[in-house]
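Undergrad: Sequence and predicted structure are below.
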Amino acid sequence: MDTAHYDLIVIGSGPAGEKGAARAAYEGKKVALIEMSSILGGTVASSGVPTKTLRETALRISGFMQRDIYGVDLRYKDELDVQTFMYHERQVRTAVQTGVALNLEQHHIHLYTGTASFDDPHTIRIASAPGEITITGDIILIATGSRPVRPATYPFNHPNVYDSTTILNMHKLPKSLTVVGGGIVGCEFACLFGALGIEVNMIHPAEHLFPFVDHEISRLLLDSMREMGMNLYMPERVAEIVTTEDRNEIKVVLDSGVQIMTEALLAAVGRASNTENLRLENAGVQVGERGLLKVNQFYQTEVPHIYAAGDVIGFPALGSTSMEQGRLAVTHAFQLNYKMTPANQVPYGIWTIPEISMVGETEQTLQARSQAYIVGKARYNRNPRGMVLGDQFGLLKLIFSATDLKLLGVHIIGQEACELIGVGLIALETNATAYNFINLTFNFPSLTDMFKYAAYDALGEYRKSNQTIPSPDQ
């Protein structure tokens, strides 16, 4: 039997792989996609979206967001059956994975299930239960994603020691949970379990959360987490983890000597790229620290016809950016009729409680290059819609140029932050100024109305520092 040949071979069915394959197939290319798992969609489908689903379930079951409205603590304190808690998450997970399969089918993409590795720069060997086959391709896109780092010093053989993937398969909700790592994943899980009234300890080696997030926003998140009753150990590092003989408790010893007794432990200490089984040396592709692949602005590796996109190339490792990277990679490879460069502005969404979203410059990035700026703020608890929601920590923060009041950055913490950011994203992409927000009429009451009042606040700050306000026509 002749070896099957394709215009494009994609390795991995996560956002980068799926969208890259679909983009090429849409343009009439013959495409094969290889996925080692029987379940499609990668990390986004298996844990990303499901984690956000659990967050919503926790908020609804606990009544957490309504606690200030009714003046009582509604957090769930009774024994909660884990099957009940996980029910909606599993429905959503199945629906997302089914959607990926349907998309591949509709684009007539040939799906192979098995472990892919390179025989040479154009030949891929696929190992599966029925046996091994080889296929060849003109262009190859590596989109194998990433996995949680599992340090050897952590007792992952203990039934209550988890990483961010295995925790979704827990059989019982713990009375207490210690989260090691205050990155996005660690904070999202800490907030999720904290909303249920579970005792949460979080250990983080730095004084600040999320170095790329505006510091004022991250401080507000810390305030909210403390208000939820979390025990935050910052900056601290784990010195030792000891399991008890009855395996009912885990002792976490910190460098400072503090000892934490906990029923469950979540290690959220980073991710590593899934490249170890690809035999990339046969293709001439170099592998960096934690399996990362280095690419140029077109997502090419050092081998021009081999591209890489998504988590496998590292930061920002977002579902949204991974999708665009996959599309842009195949666009460059086949010179398709599609944009050739990434979007100017990419929003970040962090589904903590409250959620955070941002796009554009922060105060810290502007200060680093000595660029003058003006800040305008609007708080949820002074906005009628925010008052209805009972959001006490919510803040919309707009950053403008001090010379012409052009919008430079948008930062939000509070309910619906990841939806509200869309207004700021469009404003940044269209070079909006403070006047554009002021001249708009938003629904009332609505959270979007905060954009107008944050812009007014910025104008007030501008008056304090300047004799004249720039004309709207400038």
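TA: All right, it came through fine. Residues are numbered from 1 along each chain as shown.
Undergrad: Going by C-alpha atoms from here, please, whenever you check contacts or count neighbours.
TA: OK.
Undergrad: remind me, longest helix of this protein?
TA: When every helix of the chain is counted residue by residue (DSSP state H), the longest turns out to be helix 82-106.
Undergrad: Can you list the helices and strands that it packs against?
TA: helix 15-26, helix 49-62 (3 or more C-alpha pairs under 8 Å, 6 or more residues apart in numbering; DSSP states H and E).
Undergrad: Recalculate using a threshold of 7 Å.
TA: Packed against helix 82-106 by the contact rule (3 or more C-alpha pairs under 7 Å, 6 or more residues apart in numbering; DSSP states H and E) you find helix 49-62.
Undergrad: Hey, what's the angle from the helix it packs on to helix 82-106? Just curious.
TA: Using axes from the mean of the first three to the mean of the last three C-alpha atoms, to 10 degrees, the direction of helix 49-62 lies 140 degrees away from that of helix 82-106.
Undergrad: just checking, what packs against helix 49-62?
TA: The contact analysis (3+ C-alpha pairs under 7 Å, 6+ apart) places helix 49-62 against helix 82-106, helix 184-195.
Undergrad: correct me, but Lys175 touches Asn201?
TA: No. Counting by C-alpha atoms under 7 Å, no contact exists between Lys175 and Asn201, whose distance comes to 11.6 Å.
Undergrad: the more surrounded of these two?
TA: Here Lys175 and Asn201 are compared on neighbour count by other C-alpha atoms under 10 Å; more neighbours surround Asn201, at 21 against 15.
Undergrad: before we move on, what SS does that one have?
TA: The three-state label given to Asn201 by DSSP: H, G, I helix; E, B strand; the rest coil is strand.
Undergrad: do Leu396 as well
TA: Following three-state DSSP, Leu396 is assigned to strand.
Undergrad: burial count for it?
TA: Taking other C-alpha under 10 Å as the definition, Leu396 ends up with a neighbour count of 26.
Undergrad: next one: the one 5 residues further on
TA: The number of residues packed near Ser401 is 18, by other C-alpha under 10 Å.
Undergrad: for it, what are its contacts?
TA: Ser401 is in contact with Ala372, Tyr373, Ile374, Leu407, Leu408, counting by C-alpha atoms under 7 Å, 6 or more residues apart in numbering.
Undergrad: what's the farthest-apart pair in the residues you listed?
TA: Of all pairs drawn from the contacts of Ser401, the one with the longest distance (C-alpha to C-alpha) is Ala372 and Leu407, at 12.4 Å.
Undergrad: The two - which one has more neighbours?
TA: For Ala372 and Leu407, the more surrounded residue by other C-alpha under 10 Å is Leu407, and the numbers stand at 28 against 12.
Undergrad: Assess the claim that the more buried one and Tyr435 are in contact.
TA: No. Counting by C-alpha under 7 Å, no contact exists between Leu407 and Tyr435, whose distance comes to 10.0 Å.
Undergrad: In contact with Phe444, which residues?
TA: The neighbourhood of Phe444, defined by C-alpha under 7 Å, 6+ apart, contains no residues.
Undergrad: tell me the secondary structure for it?
TA: At Phe444, secondary structure determined by three-state DSSP is coil.
Undergrad: repeat for Gly349
TA: strand.
Undergrad: Can you verify my assumption that it contacts Ser320?
TA: No. Under the criterion of C-alpha under 7 Å, Gly349 is not in contact with Ser320, lying 10.0 Å apart.
Undergrad: Who has more neighbours out of the two?
TA: When Gly349 is set against Ser320 and neighbours are counted by other C-alpha under 10 Å, the residue ahead is Gly349, at 19 against 16.
Undergrad: Can you tell me how far the spatially closest residue to that one that is not a sequence neighbour is from Ala16?
TA: Nearest-residue entry for Gly349: Ser357, 4.4 Å, with adjacent residues in sequence omitted and distances by C-alpha to C-alpha, 6 or more residues apart in numbering. Distance, Ser357 to Ala16, by C-alpha to C-alpha, to the nearest Å: 22 Å.
Undergrad: can you check Gly99 too?
TA: In this view, Gly99 and Ala16 are 15 Å apart by C-alpha to C-alpha.
Undergrad: Settle it for me: which of those two has more neighbours?
TA: In this comparison of Gly99 against Ala16, neighbours counted by other C-alpha under 10 Å, the higher total goes to Ala16 at 36 against 15.
Undergrad: Check what pLDDT that one gets.
TA: pLDDT recorded at Ala16 is 95.
Undergrad: Enumerate every residue touching Glu416.
TA: Listed by C-alpha under 7 Å, 6+ apart, Glu416 has no contact partners.
Undergrad: Hmm, His305 and Ile140 touching each other?
TA: Yes. Under the contact definition of C-alpha under 7 Å, Ile140 touches His305, with a separation of 6.5 Å.
Undergrad: quick one: which of those two has more around it?
TA: For Ile140 and His305, the more surrounded residue by other C-alpha under 10 Å is Ile140, and the numbers stand at 29 against 16.
Undergrad: what helix or strand does the more buried one sit in?
TA: Following DSSP states H and E, one finds Ile140 within strand 131-142.
Undergrad: can you check Tyr435 too?
TA: Assignment of secondary structure by DSSP H and E places Tyr435 within helix 434-439.
Undergrad: How far away from the center of its chain is that helix?
TA: Put simply, helix 434-439 sits 31 Å off its chain's centre (C-alpha atoms, centre = their mean, to the nearest Å).
Undergrad: which outside residues touch that helix?
TA: Outside helix 434-439, the residues that touch it by C-alpha under 7 Å, 6+ apart are Leu405, Lys406, Leu407, Phe451, Lys452, Ala455, Tyr456, Pro472.
Undergrad: Tyr380: which of those residues is nearest?
TA: For Tyr380, the nearest member of these is Phe451. The distance, counting by C-alpha to C-alpha, is 11.3 Å.
Undergrad: pLDDT at the closest one, what is it?
TA: With respect to pLDDT, Phe451 scores 98.
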